[in-house]
Each structure stands twice: as C-alpha cells, then as structure tokens.
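> Only the shape, not the letters, is given here:
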C-alpha cells in the first residue's frame with residue numbers, strides 16, 4: 001500500500017480499489033488470502049479476466065484462452081447473414097472487419113497455429129456462402145485465396161503469417177530502440193549478452209517474449225547493418241553485406257587475420273574502403289559488393305536497416321510477404337496463375353462483382369455443370385443454353401452457340417472459333433494481349449451478362465437472343481461510366497503535361513539540384529550536382545563516376561557521392577558565398 005500511495009503521489013493518478021481485483025496461486029492459504037484482500041481493499045477472483053481486451057493471465061492451454069475469437073467471428077457472420085450480400089460485399093466485410101478483429105492480439109501474442117487455421121476456415125466458409133450450420137462447396141482453398149491478386153489469389157490474409165509479421169514489429173522495436181524501457185527489461189532478463197536476432201529461448205519465460213522470439217526467424221531474413229563508421233559491426237558474425245540475401249560474409253577468415261570490425265576496412269583519412277585489404281581478404285564477388293558500398297562522410301554510428309523497404313524501416317506489409325507461407329506462395333511453387341491477362345482484371349474500370357466473376361472463370365472455380373460433376377454433385381451435364389454440349393467454363397463463355405453469336409455481333413467482332421485452345425484462361429489471355437482497356441472491359445461485361453442469361457435459362461427457362469445481350473451490355477457500360485465520371489472516381493484523368501521549370505530559392509538560400517544514373521551493363525553509376533542562388537547564378541557544379549552495381553533509388557538519392565566530392569562542393573559554395 002505504501003508503494004501504491006507513492007505511485008499516486010508521483011503520477012497524480014488515484015487507484016480505484018473497488019474496481020481492482022487480486023488473484024492468488026493455489027499455494028496461498030485461505031487465511032492469508034483473506035488477510036491480504038482486507039488490507040488492500042480488493043476483491044479476490046479466480047481468473048483475472050481481461051484488460052483492454054487482452055487476457056491478463058495465459059496458462060498452458062493457449063487454445064482455450066484465445067478460443068473466444070472464433071465466437072466473435074461467428075457472431076459477426078450471424079449478423080451479416082440476415083442481409084444477402086454479393087461476393088464483392090463479403091470480400092469487403094472479411095478484409096475490413098473479420099481480419100481486423102484479432103489484430104491487437106496478434107501484435108502481442110503468437111496465436112496457436114490450430115486457432116489460425118480455424119479462423120481461416122470460418123472466413124473461407126463465409127466467403128463461399130456457408131455459415132456455422134450449413135456447408136457449401138469450397139471451390140478454392142484458403143491458402144490460394146490468401147495469395148496476392150497478381151499471383152491469382154484475392155489478397156486475403158494468411159493469419160499465421162500475418163501474426164508473425166505483427167510480432168516482427170515488436171522485435172524490430174526492441175532491436176532499433178535498445179534504450180527503451182521494454183528493450184532494457186527484456187534484454188536484462190532474456191538476452192543479456194546478445195540481441196533479439198541471436199537470443200536463445202530458455203524456460204521459464206513469459207508468453208509475450210516467447211511470441212516475439214518466434215518472430216526473430218522472420219526478422220533474420222531482412223535485417224542487416226547499415227554501415228556508418230563501422231565500429232560496432234563485426235566483419236564475421238554480423239549481417240552487413242548488401243546484394244547477398246544471407247547478408248553475412250561467406251569468405252573464410254584468412255590464416256593469421258586479426259581483423260574484427262568493419263571500421264578496420266575503412267581509411268578514415270579519405271573515408272573510403274581500403275581497396276587492397278578488401279581484395280586480399282574476401283572472395284572476388286564479396287570484395288566487389290563491399291567496394292560498391294557508398295560510405296557516408298557524416299560518419300554516423302552503425303545502425304539496423306530492413307532490406308525489403310526503400311526507407312530501411314520494417315513494415316508489417318513487407319514482413320508479411322517474407323513470412324514462410326507467403327514466401328512459398330510467391331516463389332511460383334504454390335501460387336496460382338501469374339499470367340498477364342489474369343492480372344489485368346483488377347485494373348479494369350468495371351464493377352467489383354464483374355471482376356470476381358471473371359476471376360472465378362479464369363481460375364476455373366465457377367459452378368458450371370462440369371465443375372459441379374467434378375465435386376460429385378449429381379447433375380446433368382448439358383448446357384442449359386444450347387442443350388447440346390457439356391457445360392464447361394470455356395463452353396459457357398466462349399464456345400456455346402449463344403456465346404459465339406454474342407462475340408461475333410458485339411462491336412469487338414471476335415471470331416472465337418479461330419482462337420487457339422479450349423480453356424477460358426487462354427481465351428482471356430489472348431484477348432487481353434490484343435485489346436485495349438475499354439475493349440477488355442466490354443469483354444468482362446459480356447461475360448457477366450452471358451452468365452446471368454445462363455442462370456435465367458437454368459432456373460426460369462428464359463430465352464434471350466444474342467442481340468438483346470449485346471444491347472443490354474452496351475447500355476449498362478454507358479450508364480456505369482457516366483456514373484463513375486459524375487462521382488469523379490475510377491476514370492483516368494488526363495492532365496496536360498506541364499513544362500518543368502527551375503524555381504529559385506528564397507534570398508539567402510542555395511538550391512542544390514542533383515541527379516543520378518546507373519548502367520547495368522557496365523556496372524557503374526554516375527551523379528551530378530549543381531548549386532545556384534536565388535538569382536540563378538551557378539555557385540558550384542560537380543560530376544562523378546563510380547564502379548559497382550547500385551540500386552537506381554540509391555543513385556537518385558545521391559548516396560553514391562564520395563566524401564571527397566562532397567567536401568569539395570561544400571568548400572566551393574562557401575567560397576562563393578563569402
């Protein structure tokens with residue numbers, strides 16, 4: 001109580017004992033419990049419950065503690081199922097609501113893998129139209145839906161990978177803010193002689209630290225040292241090499257070599273690499289990587305940077321795509337189609353429901369009779385429009401007699417019988433490679449109306465002629481574009497190219513214009529700079545050329561400028577001003 005009163009006096013905050021509670025372990029006798037509760041003026045509870053939405057006590061059964069998430073998911077879905085939503089609407093609700101529910105928990109705790117799988121199953125069931133008590137066909141597994149749209153998925157989250165990416169943010173803060181209270185506390189307790197990346201997991205430890213420790217496997221993929229003065233980075237043992245995904249020096253230490261830190265490879269007088277020492281110490285490839293690294297003349301201390309962002313700071317998005325599951329999905333081994341035509345679907349100016357229909361047809365996950373038969377659904381296989389051939393995706397949208405008449409009679413005048421292949425994805429890729437954006441939008445809208453007519457013929461025995469489909473599509477296309485233009489959204493805004501002119505600085509200031517260029521073939525880079533005053537008078541100018549392969553952004557940012565050239569330029573400017 002003395003400690004609590006001291007806290008109140010120091011902070012100005014008063015503790016509400018009536019809302020406070022206390023929990024005892026099983027080893028505390030009942031008499032002692034009653035005595036302590038009376039002195040503190042707090043009620044005794046068996047389980048601490050939650051604070052700010054987080055469990056205040058996590059036992060051995062992680063699944064039991066976080067099981068309430070599944071109930072929250074089903075509660076939201078039950079509310080939505082009262083209102084019929086299109087698949088586009090369900091996509092918005094899943095991405096903006098369901099996937100956001102566990103975000104706060106995921107930023108602090110590593111949820112059990114089984115729970116992440118259960119949450120994905122719930123979202124997958126809702127996406128395909130099912131609920132807690134009813135099951136519908138899942139035409140594609142969640143792992144493929146969770147890949148990005150450019151690789152054939154829909155951009156849903158892989159919950160386990162997102163959890164690791166969120167925890168990676170906490171690990172990054174411990175790494176880059178070592179003087180913070182949380183970093184000093186955890187370092188003293190869990191890794192006193194190393195850092196987060198090289199810490200060992202030892203029991204007992206808190207569940208929070210265990211969760212952050214697991215994210216270190218993700219951080220190791222992109223964390224490397226940004227060389228300033230090189231005094232705190234070890235040559236062998238620290239990740240600091242650019243261009244090498246391992247970031248570690250692979251060259252064996254030469255016999256009798258006593259080099260330890262990167263600063264020993266730098267000539268402090270000229271602020272450049274000791275070229276001869278680098279060439280004789282490392283392999284030719286690693287020596288070129290080192291010599292191509294620009295050195296800052298400001299001589300800052302070494303720091304940590306994240307390799308997969310331009311600004312060098314870790315982001316959850318960049319970490320998510322480096323997580324184990326997402327990395328496998330983007331290397332081409334388990335991703336869906338990455339064909340050019342399929343990627344263009346998402347850039348077209350058409351309703352979202354049309355995009356999703358064309359995407360479903362492209363991925364062959366649309367409920368045609370042929371696909372239903374493959375899912376062991378007892379249906380006849382005849383096309384409801386022509387009643388002759390087996391209804392596949394390609395037949396429904398391309399080779400059916402009604403579809404051929406529509407393609408031939410539309411303004412595009414497509415002779416689909418002359419197109420190669422018998423797959424809708426090939427058909428769409430072929431048309432996307434020769435048609436412009438507006439023409440491809442018309443293709444998608446015609447596919448939408450063909451599917452609508454197919455459903456009307458199947459369920460209502462309706463018959464619509466091809467000319468009616470074309471007229472309805474053209475009318476819808478004109479109305480949609482008019483509505484989009486009136487709202488100022490989605491339309492391409494054509495702006496007249498304005499002439500780029502040099503604007504002088506305010507009096508007393510100097511404007512320094514810089515530009516950089518790289519040559520990949522010659523493995524060299526160049527940089528130029530021009531300093532002018534408010535009157536436009538040139539005060540100093542310089543140009544330099546260097547060897548080595550650098551990133552275009554690095555060249556544009558002028559990080560390749562040598563220390564000597566910087567000093568020369570600054571000296572010239574000072575002379576002109578004085």
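Right, received. Where do you want to start? Quick caveat, the model's predicted, so the values are computed rather than measured.

> Return the residues in contact with residue 281.
251, 254, 257, 259, 265, 287 (C-beta atoms under 8 Å, 6 or more residues apart in numbering). C-beta coordinates here come from the backbone N, C-alpha and C atoms, glycine included.

> Can you list the residue ranges for strands in the chain?
Under the criterion DSSP state E, the chain contains strands at 21-22, 43-44, 50-51, 54-55, 223-226, 266-267, 272-273, 303-306, 511-519, 524-532, 538-547.

> wait, which of these is closest to residue 208?
Closest to residue 208 of these, according to C-beta to C-beta: strand 54-55, at 10.1 Å.

> how far away is residue 174 from residue 72?
30 Å (C-beta to C-beta, to the nearest Å).

> same question, residue 311
Taken as C-beta to C-beta, the span from residue 311 to residue 72 is 35 Å.

> The two: which has the busier surroundings?
residue 72 (13 against 9; other C-beta atoms under 10 Å).

> Per-residue pLDDT of the residue nearest to that one when sequence neighbours are not counted, please?
Leaving aside its sequence neighbours, residue 72 sits nearest to residue 101 (C-beta to C-beta, 6 or more residues apart in numbering; 5.7 Å). Listed pLDDT for residue 101 reads 93.

> And residue 339, by the same measure?
Residue 339 is given a pLDDT of 48.

> residues touching residue 177, list them.
residue 183.

> still on that earlier bit, adding mean neighbour count as columns, could you present the strands of the chain in CSV?
Output for these, formatted as CSV (neighbours: other C-beta atoms under 10 Å):
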stretch, mean neighbour count
strand 21-22, 15
strand 43-44, 14
strand 50-51, 10
strand 54-55, 14
strand 223-226, 20
strand 266-267, 16
strand 272-273, 17
strand 303-306, 19
strand 511-519, 15
strand 524-532, 19
strand 538-547, 15
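
> from the contacts of residue 281, which would you call buried?
Neighbour counting over the contacts of residue 281 (16 or more other C-beta atoms under 10 Å) leaves 251, 265, 287 as the buried ones.

> Mind checking which of these are in helices?
The helices, defined by DSSP state H, take in residue 287 from the buried ones among the contacts of residue 281.

> What is the nearest of the buried ones among the contacts of residue 281 to residue 303?
residue 265 (17.8 Å).

> Touching, the closest one and residue 290? I think so.
Yes: taking C-beta atoms under 8 Å as the definition, residue 265 is a contact partner of residue 290 at 7.1 Å.

> Give me the below-cutoff pLDDT ranges for this protein.
Judged by pLDDT under 70, the chain has its weakly predicted residues at 47-49, 52-53, 59, 132, 244, 326-341, 488-500, 520-521, 523, 546-578.

> Can you tell me the closest non-neighbouring residue to the residue most central in space within it?
Centroid-nearest residue in the chain: residue 317, 3.1 Å away (criterion: C-alpha atoms, centre = their mean). Excluding the flanking residues, the one nearest residue 317 by C-beta to C-beta, 6+ apart is residue 165, at 7.7 Å.

> so what's that neighbour up against?
With the criterion set at C-beta under 8 Å, 6+ apart, residue 165 makes contact with 218, 316, 317, 319, 320, 322, 323.

> So among the residues you listed, which ones count as buried?
Neighbour-count burial (16+ other C-beta under 10 Å) is assigned, among those, to 218, 316, 319, 320, 322, 323.

> From residue 374, how far off is the fifth one?
In other words, residue 322. 36 Å.

> can you check the third one too?
Taking C-beta to C-beta as the measure, residue 319 falls 38 Å from residue 374.

> now the last one
Here the criterion is C-beta to C-beta. By it, residue 323 lies 32 Å from residue 374.

> cool, and the first one?
Here the distance between residue 218 and residue 374 works out to 38 Å (C-beta to C-beta).

> The second one now?
Using C-beta to C-beta, residue 316 is found at 38 Å from residue 374.

> helices or strands next to the longest helix seen in the chain in the packing?
Longest helix of the chain, by residue count under DSSP H: helix 437-460. With contacts defined as 3 or more C-beta pairs under 8 Å, 6 or more residues apart in numbering; DSSP states H and E, helix 437-460 has these neighbours: helix 352-362, helix 401-409, helix 424-434, helix 466-487.

> Now do the buried residues in that helix.
For helix 437-460, by 16+ other C-beta under 10 Å, it's 440-451, 453-454, 457.

> Check stretch 469-481 too.
469, 470, 472, 473, 477, 480, 481.

> Stretch 197-213 too?
For stretch 197-213, by 16+ other C-beta under 10 Å, it's 197, 199, 207, 208, 209, 211, 212, 213.

> contacting residues for the nearest residue to residue 86 once chain neighbours are set aside?
Using C-beta to C-beta, 6+ apart and skipping the chain neighbours, the partner closest in space to residue 86 is residue 353 (5.2 Å). For residue 353, the contact set (C-beta under 8 Å, 6+ apart) comprises 86, 87, 88, 448.

> List buried residues within those.
87, 448.

> returning to that earlier point: sitting in helices, which of the buried residues of stretch 197-213 do you find?
207, 208, 209, 211, 212, 213.

> returning to what we had before: was I right to think the residue nearest to residue 72 contacts residue 68?
No: with contact defined as C-beta under 8 Å, residue 101 does not reach residue 68; the gap is 10.3 Å.
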